[in-house]
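Asks: I would like to see how this sequence folds:
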Amino acid sequence: MNVLIVDDKPENLYLLRTLLSSKGYSMTEAMNGEQALESARQAPPDLIIADILMPVMDGFALCRAWKADEQLKSIPFVFYTATYTETKDKEFALSLGADLFLVKPQEIHVFLREIEKVLTVGGEQEQPKVRSTEVKEEDFYRQYNVRLVRKLEDKVEEIAQKNRALATKELALYEANARLEKRVAQRTRELEAVNREMEAFNYSVSHDLRAPLRRIDGFSQALWEEYAEQLGEQGQDYLQRICRAVGHMGELIDGMLELSRLNHSELVRESVNLSALAEAEITRLKEAEPAREVEVYIRPDIVVEGDRRLLSIVFDNLLDNAWKFTAKTAQPYIEFGVTEREGEIAYFIMDNGAGFDMKHADKLFGAFQRLHTAEAFPGIGIGLASVARSIHRHGGRVWAEGEVDKGATFYFVL
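Replies: The predicted structure is shown next:
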């Protein structure tokens, strides 16, 4: 049997099509009453199921025209609606000659049982109904307008209630936003004050620390120059350790100041060729150690928008690390490229050097954190912290993946 289903919403048509096809019915579809009449007159169906509220010609007008058509009036007509759900709506629908009036949503087995009943019994109702031929035109439009006005009034009231609720929510949201903006402004002022204090503290500490360090270094040099022979071998060793410790402390102070400057320097965005930055740093490293043979691949013409000075810090540190940590590798290899990670464009620097244990990965980008001894690989543990801050200044993120003695890959997203 063929069923004509009429609804202006595709999702409703899909639901009816799914339900009826499960029982072996074939379907013809229409989006409004006018299309339904045209389709039915060309190929009459065995049953029509129609919504009421539709454009061009609604369900009530369709039912009246259907029952007035000699070719179609004997075909059962079923209303299936979620809008016209009052008793008066049902009475009006049956007065037009409808065989069945169902309110959405119906349980599947109930819906299918009622449809089968209409088809097999011929649409007989428990109470007799007036056929559309008995409804005068003026009565039809009077009742039709009453039902339509009632629905419009209900809809207007529903919209008014929603608007009132929306206005209340908007007012609450506005007040919440105002409070949030006030708190953000206050926190921003507090953060700026803390940053200023921290910057002043860093410079003060560096100045206060450098003065005694210079004195220690000066007296150590004088002691070495004038009394080295009298100190003996062990005394000379102690003195050299003091000098190395003073130098290391100076490097730590420089690193602390560099991190402070990274937080406060102005971000100047421009077009930056990352491939050129990588080439320049590799050239510098090769000139410093011309005897080393390292295979390097740099993907050409990778261009981004960013701060050239901060991005230079990123490449100086990452490539310097890659160069340093491949020093004990038989066939060292370093690569700079671009890939996609979780839908984002990620840039990476990869090497096959010493690598690291992933369980310590969360320590990599902390200031003065080291995963290798200074004796094995020199450094003060400030480079990756500088990388992280430079990337964060761009609103990006940086992370690393590695394995001990199998190399490491550092990724960053801008």
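
Asks: when you work out contacts or count neighbours from here on, use the C-alpha atoms and nothing else.
Replies: Will do.

Asks: as a check, name the ranges of all strands in this protein.
Replies: Using DSSP state E, the strands found in the chain span residues 2-6, 26-30, 47-50, 77-81, 100-103, 270-273, 295-298, 303-306, 333-341, 344-351, 397-403, 407-413.

Asks: I'd like those as TSV, with distance to Glu225 and mean neighbour count appended.
Replies: Formatted as TSV, the strands of the chain follow (distance: least, Cα to Cα, whole Å; neighbours: other Cα atoms under 10 Å):
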stretch	distance to Glu225	mean neighbour count
strand 2-6	104	23
strand 26-30	102	18
strand 47-50	106	24
strand 77-81	103	24
strand 100-103	104	19
strand 270-273	50	14
strand 295-298	44	15
strand 303-306	50	15
strand 333-341	44	16
strand 344-351	44	19
strand 397-403	47	17
strand 407-413	44	21
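
Asks: with mean pLDDT added, can I get those strands in TSV?
Replies: TSV is the format used below for the strands of the chain (pLDDT from 0 to 100):
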stretch	mean pLDDT
strand 2-6	93
strand 26-30	92
strand 47-50	93
strand 77-81	92
strand 100-103	91
strand 270-273	94
strand 295-298	95
strand 303-306	94
strand 333-341	94
strand 344-351	95
strand 397-403	91
strand 407-413	94
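
Asks: got JSON lines for those, with distance to Met57 too?
Replies: Below are these laid out as JSON lines (distance: least, Cα to Cα, whole Å):
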{"stretch": "strand 2-6", "distance to Met57": "11"}
{"stretch": "strand 26-30", "distance to Met57": "11"}
{"stretch": "strand 47-50", "distance to Met57": "11"}
{"stretch": "strand 77-81", "distance to Met57": "14"}
{"stretch": "strand 100-103", "distance to Met57": "18"}
{"stretch": "strand 270-273", "distance to Met57": "60"}
{"stretch": "strand 295-298", "distance to Met57": "67"}
{"stretch": "strand 303-306", "distance to Met57": "57"}
{"stretch": "strand 333-341", "distance to Met57": "52"}
{"stretch": "strand 344-351", "distance to Met57": "50"}
{"stretch": "strand 397-403", "distance to Met57": "58"}
{"stretch": "strand 407-413", "distance to Met57": "56"}
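
Asks: now Ser22: phi and psi?
Replies: phi -70, psi -20 (degrees, to the nearest 10).

Asks: same check, this time on Asp8
Replies: The phi/psi pair for Asp8 (degrees, to the nearest 10) is phi -90, psi 0.

Asks: what about the nearest residue to it once chain neighbours are set aside, distance to Val184?
Replies: Nearest residue to Asp8, sequence neighbours excluded (Cα to Cα, 6 or more residues apart in numbering): Met31, at 4.4 Å. Remark: distance between Met31 and Val184 (Cα to Cα, to the nearest Å) = 52 Å.

Asks: Arg341 now?
Replies: 33 Å.

Asks: residue contacts, Ala98?
Replies: Cys63, Pro76, Phe77, Val78, Phe79 (Cα atoms under 8 Å, 6 or more residues apart in numbering).

Asks: turn the residues you listed into TSV, columns for distance to Glu175.
Replies: Output for the contacts of Ala98, formatted as TSV (distance: Cα to Cα, whole Å):
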residue	distance to Glu175
Cys63	52
Pro76	57
Phe77	54
Val78	51
Phe79	47
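
Asks: out of these, which is nearest to Glu170?
Replies: Phe79 (39.2 Å; Cα to Cα).

Asks: related to what we said a few turns ago, neighbour count for Met31 and Val184, which is higher?
Replies: Met31 (20 against 12; other Cα atoms under 10 Å).

Asks: quick check: the more buried one touching Glu11?
Replies: No - taking Cα atoms under 8 Å as the definition, Met31 is not a contact partner of Glu11, at 11.5 Å.

Asks: contacts for stretch 325-335?
Replies: By Cα under 8 Å, 6+ apart, stretch 325-335 touches 293-298, 322-323, 348-355, 377.

Asks: 6 Å instead, please
Replies: Contacting residues not belonging to stretch 325-335 are listed as Val294, Glu295, Val296, Tyr297, Ile298, Ile349, Met350, Asp351, Asn352, Gly353, Ala354 [Cα atoms under 6 Å, 6 or more residues apart in numbering].

Asks: against Leu277, how distant is the residue nearest to Ile349 when sequence neighbours are not counted?
Replies: Leaving aside its sequence neighbours, Ile349 sits nearest to Phe336 (Cα to Cα, 6+ apart; 4.5 Å). According to Cα to Cα, Phe336 stands 11 Å off from Leu277.

Asks: one more: Pro105?
Replies: 65 Å.

Asks: please apply the same query to Val338.
Replies: In terms of Cα to Cα, Val338 sits 14 Å off from Leu277.

Asks: one more: Glu401?
Replies: Relative to Leu277, and taking Cα to Cα, Glu401 is found at 23 Å.

Asks: Arg244 now?
Replies: Taken as Cα to Cα, the span from Arg244 to Leu277 is 32 Å.

Asks: and what of Leu102?
Replies: According to Cα to Cα, Leu102 stands 72 Å off from Leu277.

Asks: quick one: the helices in the stretch 251-400 of the chain, in order.
Replies: Using DSSP state H, counting those that start in this stretch, the helices found in the stretch 251-400 of the chain span residues 274-288, 308-325, 383-393.

Asks: so which of these is the most surrounded?
Replies: helix 383-393 (a mean of 22; mean count of other Cα atoms under 10 Å).
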